[in-house]
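Engineer: Quick check, what structure comes out for this input:
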Amino acid sequence: MAGSIVRDDIDAVRERTRIEEIVGERVALKSGGVGSLKGLCPFHDEKTPSFHVRPGIGRWHCFGCGEGGDVISFLMKADGLPFAEAVEYLAGRAGITLRYESGGKRSEATGGGRRRLVEANRVAAEFFVEALATPEAKPGRDFLSGRGFEKEAADLFGVGYAPKGWHGLVEHLRKKGFIEAEIEASGLASRGQQSSGRDSRIFDRFRGRLVWPIRSVTGEVVGFGARKLLDDDGGPKYLNTPETPLYKKSQVLYGLDLAKKAIASSRQVVVVEGYTDVMACHLSGVQTAIATCGTAFGEEHARMLRRLLGGGVGAPTKIGMSRAEVIFTFDADEAGRNAALKAFELESEFLSQTYVAVAPDGLDPCDLRLQRGNDAVGALVGSRLPLFEFVIKAALAGNDLETAEGRVAALRSAAPVVAGIRDGALRPEYARRLAGWLGIEMERVRAAVAAAGKARRPASAGGVGGAQAGAGGAQMDVSEAPALNPKDPVVRAERMALEVLLQEPASVEPEWVATLDAEAFTVPQYRAVWDGIVAAGGIQTAASLEAGWVNRVADEVGEAVAPVVSALAVSPMSHDRPAEMPRFARSVIAGVHDLALTRKISDARGRMQRIGEGNVGYQEAFAELVALEGERRALREE
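Structural biologist: Residues are numbered from 1 along each chain as shown. Model prediction:
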């Protein structure tokens, strides 16, 4: 397993990535003032732009919802990527080869190797699309049209055809400059065995099949799914790319690249069972549909969706928000019920916002659209039932509820399901429903559920921790700090000083900052940012880091305070005349220094009163007061 990415490489990714390009691919940006861009926030509904990007600093912040960060955190939140994958994706775009800390190894899927595999898959996707138009591919075109998909739909989803020959794609890739090792590593080719046991030449993995490109959440082709068309094809009905450095079937979801925006905005995802079901849903207006690729829906898939549904940086660990919905479509047969049970096992990842949509006659979305039109697909999603109810009723099925024995057996089957509901508020409600469905006294059902719960969930050895300390000394807990009042003169003064220190460090003389000590900032959030500035090396370090200065400070303060750093770094300052910026910077820093001196003077006077004139220590306190008043007077005269 690879270790942590070397920090210098992470910094290089940030510095060599134009944040406005990454954000601009997902948000329409326009000028927001000097050195600033703005647009409608992609993470909450708004009509007036409050989402700001500062390309020169490499940060973004939304003053509506409070989210903010650097280009890596934006990609994590917008595309639902883990930190390492976001860095690897950006590194690939920037042509950076990543290194890993000692104890880990360089990932095969990063740097030049990864880019070559991505490019091989892209070339293969184009090859398959072109082949779909050939006479040989008529069975594939007939398959699509027979399911209601014409050329426009095939183009939208990049559907193609793999020719029947053994080496068509391999030879095409060779002509494009790919070596045999790259073609095989991409999963596009297999290697046969000679009778002597030695390796023979590689051959196309997909032959005579309809092919769907499987893309990552960022839109890169990482693999393919291929359906059998010909009777003489002895292979499985569906054949997918094998596990490769790019393609991990437990970590990809078909259609997610097309659905991610709709999922994030509507906070709903519809999980279907196949490629054509995804196509049918999207063409019917259900644009949140995705499907697994040759495997059951699992924990890795749940985590991917959680990042999109629940947000990215700083989001809750589970999809528990009232608006988030995960809707599974299953066949009405035993396999569908087993799939529902599997989904129920993942309920802890989704809490109560999980549903099941099953057509009364068992039609999947593709057949439903074909037979009854686009509206029927939307109606299917609208008819969803809570997953709990579906699984409980599945547990009751097969028992004769007309007999006492059948009802008791059904209770024994269903009680563990109710006990397994993680949401304590919903559990009693479904116990009541179960009592009604069975016609059994509520007390008996409650007792059965309680007994099943004790058997199902052993006592936990620990709890969920609160605020956590980071590795750096700058990180602190501000979770209980009061909300900022922008009209408070102290808040305003400290904010303007930090905006200058983060946005215009070149205009600040180090000796000005040297007058500020640890007590200069009294607002908890701003004190944490100041500590981060000190931990990052102070204003003297800003010149060497250039655009990486704010990112370094954000790293030092930790995840809880990083959005505050982003807000300060992108906030338009009240002064935007470059020629006068040094004077303005001196003024706002002096303002914070003045407030700190005023507090110290007040403390000195109070100490003198407590000591009393003539007592030991009074003269020292008086001398300190005189010195402080002299320092403040000189500052104000300046």
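Engineer: what sits against the residue positioned nearest the centre of the chain?
Structural biologist: Nearest to the mean C-alpha position of the chain, by C-alpha atoms, centre = their mean, lies residue 80 at 2.4 Å. Shown in contact with residue 80 (C-beta atoms under 8 Å, 6 or more residues apart in numbering): 217, 260, 264, 304, 305, 307, 308, 312. The way it works is simple: take the backbone N, C-alpha and C, and place the C-beta from them, glycine included.
Engineer: Report the lowest-confidence entry in those residues.
Structural biologist: Scanning the contacts of residue 80 for pLDDT, the low point is residue 312. It has 38.
Engineer: that older thread, can you pull the contacts of the residue nearest to the residue nearest to the centre of the chain when sequence neighbours are not counted?
Structural biologist: With C-beta to C-beta, 6 or more residues apart in numbering as the criterion, residue 80 has its nearest non-adjacent residue at 3.7 Å, and that residue is residue 307. The neighbours of residue 307, taking C-beta under 8 Å, 6+ apart as the test, are 76, 77, 80, 81, 82, 315.
Engineer: Residue 20 too?
Structural biologist: 29, 37, 53, 55.
Engineer: a markdown table for the residues you listed, including distance to residue 346 and neighbour count?
Structural biologist: A markdown table is the format used below for the contacts of residue 20 (distance: C-beta to C-beta, whole Å; neighbours: other C-beta atoms under 10 Å):
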| residue | distance to residue 346 | neighbour count |
| --- | --- | --- |
| 29 | 37 | 19 |
| 37 | 40 | 22 |
| 53 | 36 | 25 |
| 55 | 40 | 19 |
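Engineer: ok, of the residues you listed, which one's closest to residue 419?
Structural biologist: The closest of the contacts of residue 20 to residue 419 turns out to be residue 53 (C-beta to C-beta; 48.8 Å).
Engineer: What distance do you get for the closest one to residue 536?
Structural biologist: Residue 53 sits 22 Å away from residue 536, going by C-beta to C-beta, to the nearest Å.
Engineer: Tell me the buried residues in the longest helix along the chain?
Structural biologist: In terms of residue count, the longest helix belonging to the chain (DSSP state H) is helix 581-611. Within helix 581-611, the residues that qualify as buried are 581-582, 584-586, 588-593, 595-597, 600-601, 604, 607-608, 611, counting by 16 or more other C-beta atoms under 10 Å.
Engineer: got any ranges where this structure has weak pLDDT?
Structural biologist: Residues of the chain meeting the criterion pLDDT under 70: 1-3, 102-112, 193-200, 310-323, 331-337, 347-352, 456-482, 574-576.
Engineer: Pop the domain breakdown of it in here.
Structural biologist: According to automatic domain parsing, the chain comprises the domains 7-94, 111-192+199-245, 248-322+329-382, 398-457, 489-637.
Engineer: May I see these arranged in a markdown table, with distance to residue 390 as well?
Structural biologist: As requested, these are exported to a markdown table (distance: least, C-beta to C-beta, whole Å):
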| stretch | distance to residue 390 |
| --- | --- |
| domain 7-94 | 26 |
| domain 111-192+199-245 | 26 |
| domain 248-322+329-382 | 4 |
| domain 398-457 | 10 |
| domain 489-637 | 37 |
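Engineer: Just among the contacts of residue 80, which is most surrounded?
Structural biologist: Neighbour tally across the contacts of residue 80 (other C-beta atoms under 10 Å): the maximum, 28 neighbours, falls on residue 308.
Engineer: which SSE is that residue in?
Structural biologist: Using DSSP states H and E, residue 308 sits in helix 299-310.
Engineer: Relative to the whole chain's centre, how far out is that helix?
Structural biologist: 8 Å (C-alpha atoms, centre = their mean, to the nearest Å).
Engineer: continuing past that helix, what's the next helix or strand?
Structural biologist: Using DSSP H and E, the helix or strand that follows helix 299-310 in sequence is strand 325-329.
Engineer: can you give me the offset of that following strand from its chain's centre?
Structural biologist: Taking mean C-alpha positions (C-alpha atoms, centre = their mean), strand 325-329 and its chain are 19 Å apart.
Engineer: Report all helices and strands that it contacts.
Structural biologist: Secondary-structure packing of strand 325-329 (3 or more C-beta pairs under 8 Å, 6 or more residues apart in numbering; DSSP states H and E): strand 268-272, helix 334-345, strand 354-357, helix 374-382.
Engineer: now for these, which one comes closest to residue 540?
Structural biologist: Nearest of those to residue 540, taken as C-beta to C-beta: strand 268-272 at 48.5 Å.
Engineer: Whichever helix or strand comes after the closest one to helix 374-382, inter-axis angle?
Structural biologist: Next helix or strand after strand 268-272 toward the C-terminus (DSSP H and E): helix 275-283. Counting by axes from the mean of the first three to the mean of the last three C-alpha atoms, to 10 degrees, helix 275-283 points 100 degrees away from the direction of helix 374-382.
Engineer: Show me the contact partners of helix 275-283.
Structural biologist: Under the contact criterion C-beta under 8 Å, 6+ apart, helix 275-283 has outside partners 147-149, 153, 156-157, 212, 225, 227, 254-255, 258-259, 270, 272, 287, 289-291, 329, 364-366, 368-370, 374, 377, 381.
Engineer: what angle sits between that helix and strand 325-329?
Structural biologist: Interaxial angle, helix 275-283 versus strand 325-329 (the same axes, to 10 degrees): 130 degrees.
Engineer: moving C-terminal of helix 275-283, what's the next helix or strand?
Structural biologist: Proceeding N to C from helix 275-283, the next assigned helix or strand is strand 289-291, under DSSP H and E.
Engineer: which of the residues in that next one are buried?
Structural biologist: When neighbours are counted by 16+ other C-beta under 10 Å, the buried residues of strand 289-291 are found to be 289, 290, 291.
Engineer: contacting residues around the first one?
Structural biologist: Contact partners of residue 289, counting by C-beta under 8 Å, 6+ apart, are 255, 259, 269, 270, 271, 272, 277, 278, 281, 282, 365.
Engineer: In space, what's closest to the fifth one - neighbours in sequence excluded?
Structural biologist: In other words, residue 271. According to C-beta to C-beta, 6+ apart, the nearest residue to residue 271 is residue 328 (4.8 Å).
Engineer: can you tell me which residues contact the one you found?
Structural biologist: With the criterion set at C-beta under 8 Å, 6+ apart, residue 328 makes contact with 271, 297, 339, 340, 343, 354, 355, 356, 357, 387.
Engineer: ditto for residue 433
Structural biologist: Shown in contact with residue 433 (C-beta under 8 Å, 6+ apart): 389, 392.
Engineer: Please tell me how far it sits from residue 442.
Structural biologist: As defined by C-beta to C-beta, residue 433 lies at a distance of 11 Å from residue 442.
Engineer: what touches both of the two?
Structural biologist: Counting by C-beta under 8 Å, 6+ apart, nothing touches both residue 433 and residue 442.
Engineer: circling back to that earlier point, compare the contacts of residue 307 and tell me which has the most neighbours.
Structural biologist: residue 80 (26 neighbours).
Engineer: so how far is residue 290 from that one?
Structural biologist: Residue 80 sits at a distance of 11 Å from residue 290 (criterion: C-beta to C-beta).
Engineer: what's the span of stretch 528-545, first residue to last?
Structural biologist: Terminal residues of stretch 528-545 lie 20 Å apart, using C-alpha to C-alpha, to the nearest Å.
Engineer: list the buried ones in it?
Structural biologist: Buried positions in stretch 528-545, judged by neighbour count with 16+ other C-beta under 10 Å: 528, 529, 530, 531, 532, 533, 534, 535, 536, 539, 542, 545.
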